[in-house]
Structure formats: structure tokens, C-alpha cells
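A.B. asks: Predicted structure and sequence below. I'll ask about it afterward.
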Amino acid sequence: MASLTQQDRNYLTNVVGISGVELFWGLGIPMVVESTFLQLFLKNLGASSFAIGMIPAFFFMGSSIFAVISSYYTSRLVSKRRAVIGLHLTSAISFLFFGIVFYIFGKISSIVLIFFISYAVFAICIGMTMPVWMAYLVHLFSDKRSVAGLAIMMICQNAAKLVSSIFLVRIVTAYSFSHQSSAIVFIFVGLAFAAGSLFFLFTREQPARPDDGTGPHTRFFDYFSQNISRILHNRNFRCFLVANLETPIVVAVISFYANYATTYCGIDPAIAAGVFVGCIYIGSICTNILLGPMGYLSLKNKYVFSKTAAVCAVLLLIFFTSSISFFIASFLLGISRGARMIVLAPAVKRLAGGHDATSYFAIIPILELPFSMGLPLVYGKFLDHFSTLQAQAYQWIFSASLGLLVITLIFVFKTDFEASA
């Protein structure tokens, strides 16, 4: 019988630790990430559609530019736990700060600006967190037990998200978007994120060996330019990059459709803030089960399935206005988001061929940044400029999204997922 590694001995402790983190973060995520609550909250404060479009733009900026910077510098750390905890706590403090300010001062003239400053700090910290957090998780588990450990972690997060969506329905139903209740929501998010971050203290990291990325570095800009050049010279990967633009398109739709539902389709704000996001997470969970452990469909067909679900969701938003159509559309958008989480990593690894895929993961968001940041801002500006069109203005941006999604579907068929770089 083979002896247990140190990682296997710490397996239960590490599962409890990271599951505790994701349980508490799952309680807060539906309120601030791809959130229907957030867009309704900002609209209630009088924010323009362009300002609402800044939310996904900030998030994509943080997860691209600052992720590359963080990846470059933290790869030399032998132990990453302090960095992981510090970045998680800073994200928590940004919302805790805003919630306290909003609770004390209410709807002051600068409150929207204060919110965006807080959200920008959060987006930057999340961007810096992602690469070091992923690297940290790699060192917690042995190869043979990593999938099981991370699956338990994600189950805890998704279960907490569903609980949180129910909580949102009750809060908005009882108090609408009063400044006290909204402030309490943000204070709750900050406290939940902070409490979850402390569960990292229960984990036992297997430190990186001195030669695991901690040796001499290429200069940052040389590292950056060399990897961009390598990716752009890969024609097959260029096709994949276009196909992968489904994500910012879907996020842009999610960023505006709740306001459309409540303003022009007679949907109660509590339903849009809570039930919509609950349906998204249910769709994501179902996809994770069907396309993950059960392993249905090839890699290319998983992408086709994902984009077809997104196309159907947008068609429902264009042509139907009932509660049921919004619930189904939310579920289908969740399928798209959930499928992407499953297929992106193996697709990039396969298309990278013999190259280390780390640089590909870091560079993809940078290459997509003009589109992922620009699309929600353009949509927001369009809605503000053509506000006299009312519901039709939203239907125009949904129609534009439909056309863009069809283009990404075409490029899926152009991508050879069996080829390597």
C-alpha cells in the first residue's frame, strides 16, 4: 500500500477550509457579481444605463489587466496563503466600507461615485486574486484527489448562492430598495466575504519548491509580448478567441435584462433581484452535473450546446415578456455560464498544444478586454441615448447580442478542437 502524501493527510482539513471560504462567499456573490440586484439597486439610485454598464466593464478590466500583473509577481512566492487571505479580505472591506457609508449618510449626491470606487477596488482585488488563488488550490491537493476536493468546494458555493437568492427575494419584497435595507445587504456581503476569508487559516498548503516558478523571471513586458505573439500566430486559437466572446455577450445581457423586465414587462423587482439569479444558478448547476461528472458531449459539442442555450435565451427576451419566459431565459443563461466554466480550461489546454497553458489563461482576457469592456458600455450608452424608444431600445441590444452570439457559434465550427498549436 502506497504511503499517503502530506497533501492526502491534510485532505479533510483542506476541504473544510476551502469549502468554508466558498460557502460564505457564495452567500455574497449573487448580490455583487453578474447581479440582477445590483443593476436594480443602481437604477433606484438614479444611475444611468451607461453607469450600470460600467459594472461588468470594471469586472472584466480587473480580471484581465490585474490578473496578469498578479500572476507575474506572485508566481515567485513559495507560500501563497498570506497573499490569498489579504486579497480576499480587501475585497470584503470594499463592500463593508460602502455599506457602512450608505447606512450612515443615505442617498447623498456622491453615493453612486462612492459605490463605483468601492466596486473598482473589489474588481481589482478579484483580478489579482484569481491567479494566486488558483495556484494556491493546486498546492492543497494531490492530483488524484483534487477534482473531488474542488467539486465539494463548488457544491458548497452553489448551494449558498441559491440560499442567497431566496434571501434577496425576501429583502426586496419586504423593504424594496430602501437605503437602510440596501446598506445592510452590502454590509452583509462584506462580513460574509471577510468571514469566509478566515477559513483559509484552516488550510495546510504544500509550499512550492524553490524552482516552481520562483526562479529568475523574464522582464514583464518581454513576457507579455512574447506570449501575445505566440497566441496570435496560432490561427486555430484566433478562431477560438472569437468563439469565446460568448461570455462577455451573455454578461452584458445579464447586466441589463432585469431593468427591462421590471420597467417594461411588469415583473416585480423582488422576483428580478432574487428569482432570476436563482434560475441562473440552477441552470449552471445542472450543466455542471450533465457536462462535468456525467461527461455528456464532446468538447466542441459542449461549446455548441452552451451557445445554443444563450441564443435561445436571447430569443425569449426579444419576443416574450411573461414571467415564465424570463425564468426560462435566466435558466438558459445559467447553462451558458456553467458550461463555459467546464469547457474553457480543457479547450485552452488542448489548443495550446505542447506549450504551457498558463500564459494563455493570462493573456486571453487581455485580448478580449476591448470587447468585454466596450460592449456593456456601448449598450448602456445606447439605452441612455435612445431612452425614448423605451422597451424597443432593450430589444435592439438583445437583437445585437443575438447576432454576435450567432457569430461566436460559427467560429466554434471553424475551430478544430482536435488540433494542437
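C.D. replies: Happy to help now that I have it.
A.B. asks: Outline the domain layout of the chain.
C.D. replies: With domains defined by automatic domain parsing, the chain comprises 1-217, 221-421.
A.B. asks: got these as TSV, with mean pLDDT columns?
C.D. replies: Listed next are these as TSV, based on pLDDT from 0 to 100:
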stretch	mean pLDDT
domain 1-217	84
domain 221-421	87
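A.B. asks: Could I get those in TSV, plus columns for mean neighbour count?
C.D. replies: Bear in mind the C-beta positions are built from the backbone N, C-alpha and C, glycine included. Formatted as TSV, the domains of the chain follow (neighbours: other C-beta atoms under 10 Å):
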stretch	mean neighbour count
domain 1-217	19
domain 221-421	19
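A.B. asks: and Ala194, what does it touch?
C.D. replies: Neighbour list for Ala194: 89, 92-93, 96 [criterion: C-beta atoms under 8 Å, 6 or more residues apart in numbering].
A.B. asks: Show me the longest helix that occurs in the protein.
C.D. replies: The longest helix of the chain (DSSP state H) is helix 143-175.
A.B. asks: pretty sure Lys300 contacts Phe417?
C.D. replies: Yes: using C-beta atoms under 8 Å as the test, Lys300 is close enough to Phe417 to be in contact (4.7 Å).
A.B. asks: What does Arg204 show for phi and psi?
C.D. replies: phi -120, psi 100 (degrees, to the nearest 10).
A.B. asks: Could you find the closest non-adjacent residue to it?
C.D. replies: Using C-beta to C-beta, 6 or more residues apart in numbering and skipping residues adjacent in sequence, the residue nearest Arg204 is Asn10, 4.1 Å away.
A.B. asks: Could you do Leu402 as well?
C.D. replies: Nearest one to Leu402, counting by C-beta to C-beta, 6+ apart, is Val314 at 4.7 Å.
A.B. asks: State the distance from Ile171 to Lys300.
C.D. replies: Distance, Ile171 to Lys300, using C-beta to C-beta, to the nearest Å: 42 Å.
A.B. asks: got it, and Leu404?
C.D. replies: Remark: distance between Leu404 and Lys300 (C-beta to C-beta) = 20 Å.
A.B. asks: Could you do Ser323 as well?
C.D. replies: Counting by C-beta to C-beta - Ser323 and Lys300 are separated by 35 Å.
A.B. asks: Asn14 now?
C.D. replies: 34 Å.
A.B. asks: do Tyr394 as well
C.D. replies: Going from Tyr394 to Lys300 by C-beta to C-beta gives 32 Å.
A.B. asks: for Phe326, same thing?
C.D. replies: 30 Å.
A.B. asks: What of Val68?
C.D. replies: From Val68 across to Lys300, the span is 28 Å (C-beta to C-beta).
A.B. asks: With Tyr281 instead?
C.D. replies: Applying C-beta to C-beta, one obtains 26 Å for the distance of Tyr281 from Lys300.
A.B. asks: List of residues touching stretch 372-391?
C.D. replies: Contact partners of stretch 372-391, identified using C-beta under 8 Å, 6+ apart, comprise 48-57, 60-61, 64, 245, 247-249, 251-252, 255-256, 260, 263-265, 365, 393-394, 396-397, 400.
A.B. asks: Ok, stretch 393-405 next?
C.D. replies: For stretch 393-405, contacts defined as C-beta under 8 Å, 6+ apart pick out 245-246, 249, 252-253, 256-257, 259-260, 264, 307, 310-311, 314-315, 317-318, 379, 382-383, 386-387, 389.
A.B. asks: So which of those residues sit within helices?
C.D. replies: In this view, those that belong to helices under DSSP H are 246, 249, 252-253, 256-257, 259-260, 264, 307, 310-311, 314-315, 317-318, 379, 382-383.
A.B. asks: In contact with Met154, which residues?
C.D. replies: Residues in contact with Met154, defined by C-beta under 8 Å, 6+ apart, are 22, 288.
A.B. asks: What of Ile55?
C.D. replies: 38-39, 42, 119, 255, 376 are the contacts of Ile55 under C-beta under 8 Å, 6+ apart.
A.B. asks: likewise Thr173?
C.D. replies: Counting by C-beta under 8 Å, 6+ apart, Thr173 makes contact with 268, 270.
A.B. asks: So it versus Asp268, what's the distance?
C.D. replies: According to C-beta to C-beta, Thr173 and Asp268 sit 8 Å apart.
A.B. asks: same check, this time on Ile93
C.D. replies: 33 Å.
A.B. asks: Also Thr13?
C.D. replies: 44 Å.
A.B. asks: Could you say which helix or strand holds Met46?
C.D. replies: One thing to correct before we go on: residue 46 is Gly, not Met. Under the criterion DSSP states H and E, no helix or strand holds Gly46.
A.B. asks: Give me the phi and psi angles of it.
C.D. replies: Per degrees, to the nearest 10, the backbone of Gly46 is at phi 90, psi 10.
A.B. asks: which residue packs closest to it, ignoring adjacent ones?
C.D. replies: Val112 (7.4 Å).
A.B. asks: Isn't Phe199 up against Val21?
C.D. replies: Yes: if you go by C-beta under 8 Å, Phe199 and Val21 touch, sitting 4.5 Å apart.
A.B. asks: and Ile228, what does it touch?
C.D. replies: The neighbourhood of Ile228, defined by C-beta under 8 Å, 6+ apart, consists of 363, 366-367.
A.B. asks: Could you dump the residues you listed into JSON lines and include secondary structure?
C.D. replies: Shown next, in JSON lines, are these (DSSP: H, G, I helix; E, B strand; the rest coil):
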{"residue": "Ile363", "secondary structure": "helix"}
{"residue": "Ile366", "secondary structure": "helix"}
{"residue": "Leu367", "secondary structure": "helix"}
